[in-house]
Structure formats: C-alpha cells, structure tokens
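**Q** Have a look at this fold, sequence not included:
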Ligand code: UD1
Ligand code: BG6
C-alpha cells in the first residue's frame, strides 16, 4: 500500500529513516559501543583470517559495495575491491581460501550475482550474503550473511534497500574491527568511534535530508527538459554520483552519467555546456578544495549567470554565499557516512524529474525489479 504517497518510490524514499533503524535494530549495543551481528558471529574466525574482500553485486547493489569499499579497507585492513557480478563471472578472478566474497542483493535472486556466488563457492572462498529477502537463493547458498531488514521494496528503482545495504556493510566492518582489536587486546580506533557515532545517528540525518524535498522539487522543475545530465563526485562521493546518475536514468530517461570529478579534464569537460545540468556532490570533506576547483572548471565553460543548471549537494553553506542558486543542503555527518545522506537528494531529484516529465516512476520501461536471467 502506498498510503499517503503518490508512488512506491516516493514512499520507500521517505521510509529510509525507519528502514535504517530496522537494519540497526537489536544489533547496536550502545553501552559497549559494539555491533552484534548474529549472521556473522559464528564465522568470525574465518572472517579474521581473510586477506582480500570482493564486494559483488548488480546495479544499485554494486554501488552499495562501492560505497563501503574504503571503509572496510581502512577499518579492517583487508584489500577490498567492488566488482559488478557480470564482470566477475566474465573475468573469473583468482579467488579461494583466504578471500571473502560478499554478495549484495536486495532480492537475493539476481542471476548474475548467483552465478558469481556459485563460482566463489566452487573456489572455496568464504561467501557472505547481504540480502533483503529472507529465504532467497543467495541467503541459502552463502556461508553466512546479514539480512538488511529494509522491509518489502516494491519500486523497481531501489532506494531504501540501498541505504540498508550500506548500513549493513558498515556494521560488518565495525564488527570485524572490534573483534580484531579485542583479540589483540587493543582499544578500537578513532575511526571506529566516528563511524559508530555516524551510523547510530543516521536515521535522524536521513530525516533531515528528506526535509529538503520541496526545494529539490523546484530544482527538478528547472532542469527537467534536459536530455542529458552529469553527476560529479570524488573520493567518498564518487559512488554516490554513480548511484545518483543510475537513479536519474532509470526513472526519468534523461541520459545521466556519474563522473569522478578528478577525471573531468580527461574527457568529460568536452561535454560541459549550458544545455547539460551538472549536479555536484560536494560535502565538506577532505576533497572539498578539489571539488571547488572542479566546479570552477565547469562554471567557467557555462554562460548561465544565474547558475540554475548547476546543482550542488552539500553540507556547506559557503556555496550559497558564492552565488549558487540550486544548493541542496544535507546534514553533516562523518565523511565516510556522508554518502548515505548525500544520496537522498539524488533519489528525490530522480523521482521529481520523472514526475515532471510525466512517466510512471514505479514501472520504468524495459526494466524489471528482479533480473533472474543472465
Ligand atoms: C535476526 C533477525 C533480524 C534482527 C536481528 C536482531 C531474521 C531473519 N533476522 O538477525 O531481523 O534484526 O536478529 O534481533 O529475522 N544468512 C546467510 N546469508 C545471507 C543472510 C543471512 O547465510 O545472505 C544467515 C546468517 O549467517 C544467519 C541467518 O542467516 O545464520 C540469519 O541472519 P540475520 O537475519 O542477519 O541474523 P541476525 O542478526 O541474528
Ligand atoms: C535490477 C533492479 O536491475 O536489479 C535494480 O531494477 C537492482 O534496482 C538490480 O539494483 C540488482 O538487484 P538485486 O535484487 O540483486 O539487488
């Protein structure tokens, strides 16, 4: 049931604070400041022996892996690679004992992800599932895993499941870090504390990000006639740019590309002109000076003085003072948790672009919720 919402996509976007809360529910031990995941506890010895991690998924689930890559690497010391399931089965990387292969899937029944899982099982890698659907194929075929508790997701376009997948991956990283330090008789790192605080306050931060919905709708009206749009981010925000572009193209049919801002001069700058809206994911993190430079490179090649076609998603009000009209404000959280918050405005932007263009948000053409054939 859609309740008071016009579409399932809208409903599911607005359900995200509650969904994140469900993913965290009973797993956060606030007194001991640790995460308890029943789904991986029994396999902790094997998890700690791993050296490499592959995060495997399709579409939005792949972007959840991209989002978590650096956090897992920094917190746990593994070498971490996120990879598309289709590419994994095409390339058949050398995996085996000592490797952890994590299969991320809302449905738990995506054909490519299952094929990649079957290969990893055959190679005797440790297989871990991150799924929403209890009893699904990926749940059944993995050695262990975590149910993300997002609740039923009806819209083809995945939103709340993405958020819960990211939360679950961060919880796994925290859980492993805690256990590593416990066994070494060492306290947890500062980064652990920062990310722990970041995820327990995430439901509130998501609610605050949703408060910008009306403003985002107004911005969508201004750029809805575009046939192409670029979403740019760097560092922790690169995966968000990719996920945001996917959302926009899936439902609004505007050609959208998620670009690493550091690559602008290596090709994409050739496309920058007044006709193409640019969306920058530019939170106040360690990459901010470089993002300011990227924005300057692009605006120098545009003539629209009102800068209506330049959208900035940020937790830094300095952009408004700098004369940008389409600034979407997000709450400030730790830079490695920020991607979860920055993604919300992009989900809403995609939703409103689709509505403005008069398409069916919940049933995008040619796409299916669950892709069960390769
Ligand atoms: C359980 C509840 C969860 C609740 C949590 C805390 C269910 C299904 N789970 O989760 O909703 O938030 O208690 O109260 O009701 N598994 C796999 N592969 C996967 C996913 C899971 O093998 O892809 C396995 C796990 O290893 C575990 C079992 O399924 O053995 C259940 O996993 P999960 O639901 O995440 O465990 P809990 O955290 O105990
Ligand atoms: C389909 C859906 O393409 O499969 C996407 O339309 C989804 O929203 C992708 O991200 C992967 O699905 P799953 O169920 O494996 O996460």
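**A** That came through fine. Values in this document were obtained by computation on a predicted structure and should not be read as measured data. Ligands and ions are numbered 1, 2, ... in the order given.

**Q** alpha carbons only for contacts and neighbour counts from here, please
**A** Will do.

**Q** Which single residue of the stretch 151-300 of the chain ends up nearest ligand 1?
**A** residue 168 (9.1 Å; Cα to the nearest ligand atom).

**Q** which SSE is that residue in?
**A** Here residue 168, judged by DSSP states H and E, is contained in helix 160-183.

**Q** The residue of the stretch 151-300 of the chain closest to ligand 1 and residue 21 touch, don't they?
**A** No: using Cα atoms under 8 Å, residue 168 makes no contact with residue 21, being 11.2 Å away.

**Q** Pull out the buried positions in the helix holding residue 168.
**A** Of all the residues in helix 160-183, those buried under the rule 16 or more other Cα atoms under 10 Å are 160-180.

**Q** for stretch 36-47, same thing?
**A** Neighbour-count burial for stretch 36-47 [16+ other Cα under 10 Å]: 36, 37, 39, 40, 47.

**Q** and the gap between the first one and ligand 2?
**A** Look at residue 36 and ligand 2: by Cα to the nearest ligand atom, to the nearest Å, they are 24 Å apart.

**Q** Spell out which parts of the chain neighbour ligand 1.
**A** Within reach of ligand 1 by Cα under 6 Å from any ligand atom, the chain has these residues: 25-27, 37-40, 129-131, 134, 138-139, 142-147, 149.

**Q** from those residues, which would you call buried?
**A** Using 16+ other Cα under 10 Å, the buried ones in these are 37, 39-40, 129-131, 138-139, 142-147, 149.

**Q** Next, give me the two most distant ones among those residues.
**A** 143 and 149 (18.9 Å; Cα to Cα).

**Q** quick one on the thing from earlier: which of the buried ones among the residues of the chain next to ligand 1 fall within helices?
**A** Per DSSP state H, helices hold the following members of those: 39, 40, 138, 139.

**Q** Among those residues, which one lies nearest to residue 51?
**A** Sorting those by distance to residue 51 puts residue 40 at the head of the list, at 16.8 Å, by Cα to Cα.

**Q** per-residue confidence at the closest one?
**A** Looking at residue 40, its pLDDT reads 96.

**Q** The residue in the stretch 251-374 of the chain that ligand 2 sits nearest to and residue 60, how far apart?
**A** Closest residue of the stretch 251-374 of the chain to ligand 2, Cα to the nearest ligand atom: residue 369 (4.3 Å). To residue 60, residue 369 is 11 Å away according to Cα to Cα, to the nearest Å.

**Q** So for the two, which sits in the more crowded spot?
**A** Neighbour count, other Cα atoms under 10 Å: between residue 369 and residue 60, residue 60 has more, with 25 against 17.

**Q** list the helices and strands the strand or helix carrying that one packs on?
**A** Element membership of residue 60, judged by DSSP H and E, is helix 59-76. The contact analysis (3 or more Cα pairs under 8 Å, 6 or more residues apart in numbering; DSSP states H and E) places helix 59-76 against strand 52-57, strand 79-84, strand 99-105, helix 160-183, helix 238-252.
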